[in-house]
Each structure stands twice: as structure tokens, then as C-alpha cells.
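> all I have is the shape, not the residue letters:
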């Protein structure tokens, strides 16, 4: 059975790209999308996906804050941060906040899938 | 990844962001919320450009993002920054047009774009980064080591892919994951160091685990890891003593070490010479090099010292063999075999000692019957006594045999015609015994099987003297013979005075030099056909060794004083005296040779021998 994934990014462009990468693999099924941190928390509560990809910089609520909130509600949540270059400190902060891993733009499908597989695999 | 299909989506979104951005910028925003918005717009553009591998767009967007990031953190907006940002939006727009029409970022105004990007460096952009780190330090509760009281069982060595974009974050994730599977007692570099940005991608985790193999496989399979190796940490022994007390080293290696070190010291001297007119700092450093180099040298010399034990063992074997062959009974008594000499000297002593022992057995000690007849014990004794005297070793090899027949030596010397008979007849016993060490001198007509081809003792003396040593022989009829050797115990750096004389370069050990004097016509006197040099009311004979005339003379330090007039004085050098080959080694006045700076060779003289030879003394064998 495919793993359920929630994609969070304020750019439609990015959400589309990630969605396409995931649909090429039959391991993952995109069950929802969110375009800011608040939506992310709400959708998580609603959908309880197996894994989330979370952009860091977003309006209303950023990804780090959203990650924290989600983990408060469900400490077993698996959040993977999506970052651009030059955000080293923010990525590290996300990990401190509880994110399990990260991917950096530009994405390669292999890398994305590898990271997701690893996060799902580890308990 | 094939991104072509996303181009139109990219262009649409980017242009949207750009127009929103320009509106905000034109406001000259002060409201943090507006600034935040602007930041997000450019951030999104950057992210998309990165995903599409549009490098120019990514680069310029990144610069603008940094500026807006500072505005967002509350920094004042510096003059020119807003204008720069607006210009950036224009460039981004042009880049979009190029992408749309040509499919790439080739715009005409490339040079202007580049200088535009450089302008951004004028606006400092390092602060927002630091702020983020500070906040992490406060919130990083999950990144903590386990207790320090647990002992590590293994060390896990991890190497992160050099192409990884954020290796520090990767390292931290690995840390968190490992923590769940084992106990981490320590990590190098530390998490704090890694966070600060000081990270090469290689980390060691000190852990306690029962499943090292499993852990290693787990680590290897993590994203961005190119290698993971585990090694056991052995428990430290209770006593903090050294594990390895001594190391076995091939003798050849010691020779190489010595040669390399002396070459290095020589080079340093050369350097010093060349650097005479160099800045003072350079000269100071060169001076500072001397003590550690010389210390290194003396340590190596010390490491080369070996006790006499191995030599003694060989001699015992030789004695046993000879006893069997000649039906004699001999025992070996040794004292001081723990004394140490340089290994090369021990090697060089092997043959001479063997020969002297054979001499004792062959010529010295008689058969058990002969001995009993004259009241001696059946078993003969060869005694070897080794004693350290200052920098030298005194070694004596004695037997309790017949002793050497000095009158037979005298006769042989006259027969061989070594010296005129008158001279031989006035020679003392000691001087006569020395004759034994001349080549082809042997009192036995029949060459014995063991020794005595007549080539033995001269080689012995030659070897010992080329080591810088001295051999003398004492004997007492029916009581025994003693060979006495004095050899330097270690190859030491000698202080040598170097000079030129009659076209050749020589050196004298500084201890052999009494004084150096300037001379002129007034200092030279001729008395009874001999030339003397005046020095402080003393009259010192000029040695024939030196030049006829010159400006300087070296007065040699010995009981009989002598002076060598020299052509040119070079100076004092510190060097090891290297032995000269056996052919030249028979010249007793020559103690060896050294290589000077400038790679000239100087023959090292023995002061006393020179005085004796050239001062008009009677003995010169």
C-alpha cells in the first residue's frame, strides 16, 4: 500500500515539481497540498499523512513553526524540510525543531526518494 | 531531472512574484510585514530558479534575498539597496524573456549583470546567518550527548559526500539517528563546532554498542554518506605505562638516519652562510634551527649505541672453535660488556677483535701440557676489560700466555730492514712491539693456519686508527700479552679548525690547537738551520708539514710544541670525522676527513702525530 504524503510549499511551481517526482514512484501517494504553515498544520490534523515535505520560508506561518506545532500534536510525525541554498542555519534549526531530514533545491528525483525512503524506513 | 516541461509554469510564477516585488519596493517599505512579503517573493523566485538550474537567476535572486533578509531582521535599509533591488527585478525579468524566447539565460547585457551582482557585495550580508544560529543554540535541546560515564566500545568513522549541499545538517541528522540505535559518548568534531560551519564532512562518533556491524550498515545506507567504517576501542590498561617499550629497528635505518641528519646540519650551515646578508628575522630563525637539529643529531647518535654483548658472544664462539682445533683450553673473562658504543664501531671492531683473540690463542697461550709444565693452570684465560673514560672507551684484551719475545722482534726488524740497525737497537720495548703492526711483519716463518699470514696486526691497527682510536701492545715474558685499545665511544661532532696549507685543506681538532698566531719577519728566527717561531718569549719549532712562510701559524697543543705555518685560515666547523679508507688510513697523522661547507674535503690531522713526525722526532712508523 502506498505511503501517504502531504506537500507544503507556497510556490505552485514547487508543489507541482515535487508532486510529479512522487507520482513517478508508486511508493508514494500525494494526499494533499498546503501553501503556508497554518494550512500545513490544519491539513496534517485532517489527513494524518505518513510523511510531509515542508518548505521553510512561507507566509502566515513558516515551515519551522509549522513543524513544531505538528510534532506537538503528533510526536511521531515525519517532516522533511525543503530548502534552497544558503539556508544552512534554518535547516539546522528545523532539525533541532524535530524535522527528520532535508532536501535541497535543485532536486534530483533519486535524492528526494532516497531521503523519503530513509525517513520512512527508520523508526 | 528534465525540467523543460516546467518552464512555462516557472515563467508564469516568477513574473507574478516580480511584479508584486516591484510594487512593494517602490513603496520603500518600512512595515515589517511588507518587507517579509518581499522577502518571500524573492525567496520563492530563488527556489524556483534553483530547481530549474537557472544559475544566473538563482545567483542574482540569492543576493537580493540576503539584502531583504537583513531588512527583515530589522537592519536599516542602506542607501542604494532599494535601487539595487529594483534593478535586480529588471534583470530577472530580462532573464525570463531570454528563457522564454531562447530557452536559456543568455542575455545581451551579461557584463552589466555581473558587475551588478558584484555591487551587492558592498552591502554586507553576514548577519542574518548568525541570528539564526543563536536561536538554534537556544532551541537545540534534542542535540545533546549522552552521559559521559559510559565507556566507548567503538569508533564509527563517517564520511559525507563532498557534493552534499549542507553537510553540517547531514551530520546532525546522523547524530540524531545514531542516538536512537546506540549510546554516543563523544563526537569529533563536536556538534557546536559543526554548527559554526567548521566542518569538513568527516566525523568520528565514539559509541557504545553491541551491534557494530549492524550500525555500520545502517550508517552506510543513509543519504549523502559515502563511507562508514567502525573500529573497536581497546580498553586502556590499568597502569598508564607505555604499551610499546622498545622498537626494533634495522641497523641500516640507523645509518640512514645519521647520514640524513648530518646532511641536514651541513645544509643548515650552507644556509647560514648564504643568509649572512639576509634580514635579521631570517637569521634569527636559522639560528633557532641549530639547537633542535643538534639535539636530533645527538639523540640519533645515542639511539645507535649498542652494548658489547653481541661482540662478546661471537668471540666466545671463536674461542670454542679454536680450542677444539688446537687442543687448547681457554676461557674468556669479560668485564664491562654492558658498556655501549656506536653500532658501526662495534661492527668495525669485530674483525680486529677476532684477530687479536686468534693471536692470543695461537701465539700467546700454550697447550695444556706446556702450561702445566711451567706451573700455570691448564686452562688459559683471555680477559677482556671494557672501561669508559670520558668520551672514550678503553678496551684491553689480555692473555696469560707466553708473552711476545721482544728480542725476536728486534731481530726480525733488522732482518726486514725496516729501519737502520742503529735506530732499531735503541728502540724501547713499546716501540718495538709497535713494529708488529707493520704489514708483513710476523715472527713465524710458517704461516699458521689460524693467524699470522703477517697481515693481521697491521689491519687491526689500521681499523682502530681509522675509527679515531689508538692501539698499544704490552707484554711480559711468560706472563702474557695485553692489547690496549682506546677508541671514541660515539661518533661525536668535533670542533675542528680548518685551514689551507700548501694547497691542501686540513682540519685540526680544536683541542689540539694551543694558539693561532700572526707572524711576520720578526717572529721568525733561524737557529742552527731550523726555523723557529717566537711567541710570547717562547720559541717554537716550525714543523716541516706547514708552509715555508705565511701570515698565520697554528701552535699545536702537545708536550712537544710545534707550529704549522698556514696559507689561509678558514674557521671552526662542527662536523663528524668520517673514517678514511684503509689505504690512506695507515698514515697515522691523519685521523679521518670531513666534508666542509662548500663540499670541499678537509683531512683531519692528529696534532700529536704531526708534531712527532714533522718536528724532528725520532720515531715515525
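Cool, the structure landed. Just so you know, these numbers come straight off a predicted model, no measurement behind them. Numbers count the residues shown, from 1 in each chain, chains lettered A, B, ... in the order given.

> what residue ranges in chain A score low on pLDDT?
A:122-123 (pLDDT under 70).

> residue of it nearest chain B, please.
Nearest residue of chain A to chain B, counting by Cβ to the nearest Cβ: residue A:89, 3.4 Å away. The C-beta positions use only the backbone N, C-alpha and C, and glycine is treated the same way.

> Provide a list of residues in contact with residue 49.
No chain was given, so I picked chain A. Each residue near residue A:49 by Cβ atoms under 8 Å, 6 or more residues apart in numbering or on different chains is listed here: A:4, A:5, A:6, A:31, A:32.

> think we crossed wires, I meant chain B
Residue B:49 neighbours (Cβ under 8 Å, 6+ apart): B:10, B:14, B:55, B:57, B:58, B:61.

> which residues are in contact with stretch B:28-42?
A:10, A:57-59, B:17-18, B:20-21, B:24-25, B:27, B:61, B:64-65, B:68-69, B:71-72, B:74, B:77, B:82.

> tell me which element residue B:100 is part of?
Residue B:100 is part of helix B:81-102, with elements assigned from DSSP states H and E.

> residues near residue B:278, how many?
Other residues within reach of residue B:278, judged by other Cβ atoms under 10 Å in any protein chain shown, total 13.

> how near is it to residue B:269?
15 Å (Cβ to Cβ, to the nearest Å).

> checking my notes, residue B:207 in a strand, right?
Yes - the assignment for residue B:207 by DSSP: H, G, I helix; E, B strand; the rest coil puts it in a strand.

> neighbours around it, how many?
For residue B:207, using other Cβ under 10 Å, the count is 25.

> ok, it touching residue B:183?
Yes - if you go by Cβ atoms under 8 Å, residue B:207 and residue B:183 touch, sitting 6.2 Å apart.

> check which helix or strand the most centrally placed residue in chain B maps to.
What sits nearest the mean C-alpha location of chain B, by Cα atoms, centre = their mean, is residue B:261, with 6.0 Å. Element membership for residue B:261 (DSSP H and E) is helix B:251-274.

> what residues of that helix count as buried?
B:254, B:257, B:258, B:261, B:262, B:265, B:266, B:268, B:269, B:272 (16 or more other Cβ atoms under 10 Å in any protein chain shown).

> equivalent analysis for stretch B:279-292, please.
residue B:286.

> got a list of contacts for it?
In contact with stretch B:279-292 (Cβ under 8 Å, 6+ apart) are residues B:268, B:271, B:272, B:275, B:276.

> what about stretch B:107-126, distance to the chain center?
52 Å (Cα atoms, centre = their mean, to the nearest Å).

> and for it, what are the contacting residues?
Contacts of stretch B:107-126 (Cβ under 8 Å, 6+ apart): B:56, B:59-60, B:63-64, B:66-67, B:69-70, B:78, B:80-81, B:84, B:87-88, B:91, B:94-95, B:97-98.

> only the buried members of these: can you turn that into a ChimeraX selection?
In ChimeraX, this line selects whichever of these come out buried by 16+ other Cβ under 10 Å:
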select /B:56,59,60,63,64,66,67,69,70,81,84,87,88,91,95,98
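
> the contacts of residue A:49 in strands, which ones?
Those of the contacts of residue A:49 mapping onto strands are A:4, A:5, A:6, A:31, A:32, per DSSP state E.

> which element is the residue nearest in space to the middle of chain A on?
Chain A has residue A:53 as the residue nearest its centroid, 1.2 Å off, counting by Cα atoms, centre = their mean. Residue A:53 is part of strand A:51-55, with elements assigned from DSSP H and E.

> quickly run through the sheet partners of that strand, with directions.
strand A:3-8 (parallel), strand A:79-83 (parallel) (DSSP bridges).

> and among the ones you listed, the most buried is which?
Highest mean neighbour count among the strands paired with strand A:51-55 (mean count of other Cβ atoms under 10 Å in any protein chain shown): strand A:79-83, with a mean of 25.

> any low-confidence regions in the stretch 101-250 of chain B?
Using pLDDT under 70, the stretch 101-250 of chain B drops low at B:122-149, B:235-242.

> of the contacts of stretch B:28-42, keep whichever come out buried.
Counted by 16+ other Cβ under 10 Å, the contacts of stretch B:28-42 give A:10, A:57-59, B:17-18, B:21, B:24-25, B:61, B:64-65, B:68-69, B:71-72, B:77, B:82 as buried.

> filter these down to just the ones in helices.
B:17-18, B:21, B:24-25, B:61, B:64-65, B:68-69, B:71-72, B:82 (DSSP state H).

> quick one, strands of the stretch 151-300 of chain B?
B:154-160, B:183-188, B:202-208, B:225-232 (DSSP state E, counting those that start in this stretch).

> please convert those to CSV, extending it with distance to chain A.
Below are the strands of the stretch 151-300 of chain B laid out as CSV (distance: least, Cβ to the nearest Cβ, whole Å):
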stretch, distance to chain A
strand B:154-160, 13
strand B:183-188, 15
strand B:202-208, 15
strand B:225-232, 10
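
> just among the contacts of residue B:49, which is most surrounded?
The most crowded member of the contacts of residue B:49, judged by other Cβ under 10 Å, is residue B:61 (29 neighbours).

> tally of neighbours for the closest residue to that one other than its chain neighbours?
Computed as Cβ to Cβ, 6 or more residues apart in numbering or on different chains, the closest residue to residue B:61 that is not its neighbour in sequence is residue B:46, at 3.8 Å. Residue B:46: 28 surrounding residues under other Cβ under 10 Å.

> all helices of chain A, in order?
Using DSSP H, helices in chain A cover A:12-23, A:37-47, A:63-73, A:88-97, A:109-121.

> follow-up on the earlier one: among the contacts of residue B:49, find me the one that's closest to chain A.
residue B:10 (5.8 Å).

> so who does that closest one touch?
Contacts of residue B:10 (Cβ under 8 Å, 6+ apart): A:13, B:48, B:49, B:52, B:54, B:99.

> just give the number of residues close to residue B:200.
11.

> can you put the buried residues of helix B:251-274 in CSV and add pLDDT?
Formatted as CSV, the buried residues of helix B:251-274 follow (pLDDT from 0 to 100):
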residue, pLDDT
B:254, 84
B:257, 87
B:258, 83
B:261, 85
B:262, 80
B:265, 82
B:266, 79
B:268, 86
B:269, 81
B:272, 85
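
> was I right about residue B:388 contacting residue B:335?
No - the criterion here is Cβ under 8 Å, and residue B:388 misses it with residue B:335 at 12.0 Å.

> so residue B:602 belongs to a strand, correct?
Yes - when three-state DSSP is applied, residue B:602 is found to be in a strand.

> enumerate every residue touching it.
Residue B:602 neighbours (Cβ under 8 Å, 6+ apart): B:496, B:498, B:505, B:506, B:507, B:593, B:594, B:595, B:596.
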